[in-house]
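Engineer: Pasted the sequence and its predicted model underneath.
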Amino acid sequence: MGKIVSRFAPSPTGYLHIGGARTALFSWLLARSQGGEFRLRVEDTDRERSTQEATDAIIDSMKWLGLVHDDEIVFQSTRVDRHNEVIDQLVEAGHAYYCDCSKEQVDAMREKAQKEGRKPKYDGSCREKGLATGVVRFKTPLQGTTAFKDTVKGSIAVENAEMDDMILRRSDGSPTYNLAVVVDDHDMGITSVLRGDDHVNNTPRQILIYRAMGWDVPEFGHVPMILGPDKKKLSKRHGALSVMEYEKMGYLPEAVVNYLARLGWSHGDQELFSMDEMVTFFSTDNLGNSPSVFDLTKFEWVNGQYMQKADPERLADMLCDFYAREVGVEEAKSVTREDFARIAPLLQPRAKSIVDMLEQSQPFIVDAGFLPYDENAVKKFLTDETKPLLEEIVGRIEALDEFSEQSLEDVHRQFLEDKDIKFKAIAQPIRVAIVGTTKSPGLFETMMVLGKEQTLARLKRAVEL
Ligand code: GLU
């Protein structure tokens, strides 16, 4: 078997959304898993609906996900002459013909067919007229079936009589999708088409064009769509945002790729895959044939898993970047990369995303005097009984020669013993004092990240509140 060449062929009419990204990922995996090539073709022939912004967004999203394509990007709009050349060849060879029927006439034919219980379609009345103007239609064989083995759905066969004489070139001279996609896939040497199953009805039509041209037919696979948790077509209200919105939400690209892969593909019970593992294990045999359900909670969980494993240095870089986006480059300079590098290991076991982590970093990046407090927590835990305890703790911490997790633990243990109280009596008051809320990682780790000076300043401020 020769080398596999797969492709992703988005229409740049909007951002790359979750569904499109998953299709791209599967095609990419198909090529990479077999040492093949993965090509990108931007199907920008619809000049009204295609935008440069969408094209850029698709390219950026693919880059962010790490779905690197081989060779140059092909822009379909640059290939119209070639599409027309093929259309002319099909006419010349008798596989296509001009038709000058008006829209009204075609509508009437369809209606008539429907009334007679037949499939509504163009009746082929211009087939043998030998016209030289009008739209160009494909001469669909009247008999036989067109069958193919879908790599995801299994065998599919359609009666040729069921298919219309599709238009290859519109009256304005523009080639249609089915024609252009075949010519481009052929010219780009595509051997494997993997795409959404909204295209499954186009495939037999495309195969007819391949055959008429005497070209090799690639293998086709159609992946089922993604549904929302309510089993309806995935849409914005399900959180089905564009890929780059997940970037903005502080998701890690490898987590997005992992989650997308599991929407329709499986390898045993494994949930978490590195890119390399996916490339090793991927096969279209393990692509599911029923729609997958988008689950934001699981997506969040997967991202959390990657956050936990991520290199804190990388998280620090990302935190810097996100902080600058949030407050502006100038203001962001008040917090150093080193600050974030200290904070990241403390927060990464619990952070759902970079944005979440940045939010949790807030108490750590402000000076003691600016620490915001949760009012209810202050009322409940910074009381006349607890403040004297905190004051005493300040003294004991100040007296420490060495500020370490161990010495902090020792000093607090001794304090509890001396006072004959439980840790519970001081844990939340200390927490509220040093981070302003009742939630934080372990107290002593938190103090370590804050450092001695900030820890003391915060405890003192709390006593004076
Ligand atoms: N441009 C088409 C679309 O975005 C995809 C064509 C194909 O994959 O064959 O739906």
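Structural biologist: Cool, got the structure.
Engineer: which residues in the stretch 351-465 of the chain form strands?
Structural biologist: Under the criterion DSSP state E, counting those that start in this stretch, the stretch 351-465 of the chain carries no strands.
Engineer: got it, and the stretch 101-250 of the chain?
Structural biologist: For the stretch 101-250 of the chain, the strands defined by DSSP E, counting those that start in this stretch cover 135-138, 145-150, 154-159, 167-169, 192-196, 219-223, 226-227.
Engineer: mind checking which of those is nearest the ligand?
Structural biologist: strand 192-196 (3.7 Å; C-beta to the nearest ligand atom). C-beta: built from backbone N, CA, C; applies to glycine.
Engineer: that older thread, I'd like the strands of the stretch 101-250 of the chain written out as TSV, with distance to Lys233 and mean neighbour count added.
Structural biologist: Converted to TSV, the strands of the stretch 101-250 of the chain look like this (distance: least, C-beta to C-beta, whole Å; neighbours: other C-beta atoms under 10 Å):
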stretch	distance to Lys233	mean neighbour count
strand 135-138	30	23
strand 145-150	21	15
strand 154-159	22	12
strand 167-169	27	22
strand 192-196	12	22
strand 219-223	14	23
strand 226-227	7	20
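Engineer: Which one of those lies nearest to Pro349?
Structural biologist: Proximity to Pro349 (C-beta to C-beta) singles out strand 226-227 among those, at 30.1 Å.
Engineer: which secondary structure elements does that closest one contact?
Structural biologist: If you count contacts as 3 or more C-beta pairs under 8 Å, 6 or more residues apart in numbering; DSSP states H and E, strand 226-227 packs onto helix 18-33, strand 292-293.
Engineer: Including distance to Glu128, mean pLDDT and mean neighbour count, could those go into CSV?
Structural biologist: Formatted as CSV, these follow (distance: least, C-beta to C-beta, whole Å; pLDDT from 0 to 100; neighbours: other C-beta atoms under 10 Å):
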stretch, distance to Glu128, mean pLDDT, mean neighbour count
helix 18-33, 41, 97, 24
strand 292-293, 48, 95, 17
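Engineer: so what's the residue located most distally from the centre of the chain up against?
Structural biologist: Taking C-alpha atoms, centre = their mean, the residue of the chain most remote from its mean C-alpha position is Asp418, at 56.1 Å. Going by C-beta atoms under 8 Å, 6 or more residues apart in numbering, Asp418 touches no other residue.
Engineer: swap in Gly173?
Structural biologist: Asn84.
Engineer: Output the below-cut-off pLDDT ranges for the stretch 351-465 of the chain.
Structural biologist: Within the stretch 351-465 of the chain, no range satisfies pLDDT under 70.
Engineer: In it, which residue sits closest to the ligand?
Structural biologist: The stretch 351-465 of the chain approaches the ligand most closely through Ser353 (28.8 Å), counting by C-beta to the nearest ligand atom.
Engineer: Apart from its chain neighbours, what residue comes closest to that residue?
Structural biologist: Distance criterion C-beta to C-beta, 6 or more residues apart in numbering; nearest residue to Ser353, sequence neighbours excluded, is Gly250 at 3.7 Å.
Engineer: now do Gly239
Structural biologist: Distance criterion C-beta to C-beta, 6+ apart; nearest residue to Gly239, sequence neighbours excluded, is Leu296 at 4.6 Å.
Engineer: What values do phi and psi take at the one you found?
Structural biologist: The phi/psi pair for Leu296 (degrees, to the nearest 10) reads phi -60, psi -30.
Engineer: ok, back up a step: what's near enough to touch the residue nearest to Ser353?
Structural biologist: Met318, Phe322, Ser353, Ile354, Val355, Asp356, Met357, Leu358.
Engineer: Dump the strands of the stretch 101-250 of the chain to CSV, plus mean pLDDT and distance to the ligand.
Structural biologist: CSV is the format used below for the strands of the stretch 101-250 of the chain (pLDDT from 0 to 100; distance: least, C-beta to the nearest ligand atom, whole Å):
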stretch, mean pLDDT, distance to the ligand
strand 135-138, 98, 17
strand 145-150, 98, 14
strand 154-159, 98, 16
strand 167-169, 98, 16
strand 192-196, 98, 4
strand 219-223, 98, 9
strand 226-227, 94, 14
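Engineer: Relative to Leu67, which of those is closest?
Structural biologist: Among these, strand 192-196 comes nearest to Leu67, with 13.0 Å by C-beta to C-beta.
Engineer: just how off-centre is the closest one within its chain?
Structural biologist: Distance, stretch centre to chain centre, for strand 192-196: 18 Å (C-alpha atoms, centre = their mean, to the nearest Å).
Engineer: Which other helices and strands does that strand contact?
Structural biologist: Counting by 3+ C-beta pairs under 8 Å, 6+ apart, strand 192-196 packs on strand 5-8, helix 18-33, strand 219-223.
Engineer: Ok, which of these comes nearest Glu445?
Structural biologist: Nearest of the helices and strands packed on strand 192-196 (C-beta to C-beta): helix 18-33, 36.4 Å.
Engineer: does any part of the closest one sit near the ligand?
Structural biologist: No: Helix 18-33 is not in contact with the ligand by C-beta under 6 Å from any ligand atom; minimum separation 7.1 Å.
Engineer: which other helices and strands contact that helix?
Structural biologist: Short answer (3+ C-beta pairs under 8 Å, 6+ apart): helix 18-33 packs on strand 5-8, strand 37-42, helix 52-65, strand 192-196, strand 219-223, strand 226-227, helix 253-262, helix 275-281.
Engineer: so that helix versus helix 253-262, what angle?
Structural biologist: Put simply, helix 18-33 runs at 90 degrees to helix 253-262, going by axes from the mean of the first three to the mean of the last three C-alpha atoms, to 10 degrees.
Engineer: Just the CA atoms of helix 18-33, as CSV, please.
Structural biologist: C-alpha atoms of helix 18-33 as CSV (Å, rounded to 0.1, in the frame of the first residue of the first chain):
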residue,chain,number,x,y,z
ILE,A,18,-15.1,21.9,18.4
GLY,A,19,-16.6,19.7,15.7
GLY,A,20,-14.3,20.9,12.9
ALA,A,21,-11.3,20.7,15.2
ARG,A,22,-12.2,17.1,16.0
THR,A,23,-12.5,16.2,12.3
ALA,A,24,-9.1,17.9,11.6
LEU,A,25,-7.6,15.9,14.5
PHE,A,26,-8.8,12.6,13.3
SER,A,27,-7.5,13.3,9.8
TRP,A,28,-4.2,14.4,11.2
LEU,A,29,-4.0,11.3,13.4
LEU,A,30,-4.9,9.1,10.4
ALA,A,31,-1.9,10.4,8.5
ARG,A,32,0.5,10.6,11.4
SER,A,33,-0.3,7.1,12.7
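Engineer: out of the helices and strands packed on helix 18-33, nearest to His412?
Structural biologist: Judging the helices and strands packed on helix 18-33 by C-beta to C-beta, what sits closest to His412 is helix 253-262, at 37.1 Å.
Engineer: mean confidence for that closest one?
Structural biologist: The pLDDT scores in helix 253-262 average 98.
Engineer: In the helix ranked longest in the chain, which of the residues would be classed as buried?
Structural biologist: Assignment by DSSP state H gives helix 443-464 as the longest helix of the chain. For helix 443-464, a neighbour-count test (16 or more other C-beta atoms under 10 Å) marks 443-444, 446-450, 454-459, 461-463 as buried.
Engineer: cool, and stretch 87-95?
Structural biologist: Ile87, Leu90, Val91, His95.
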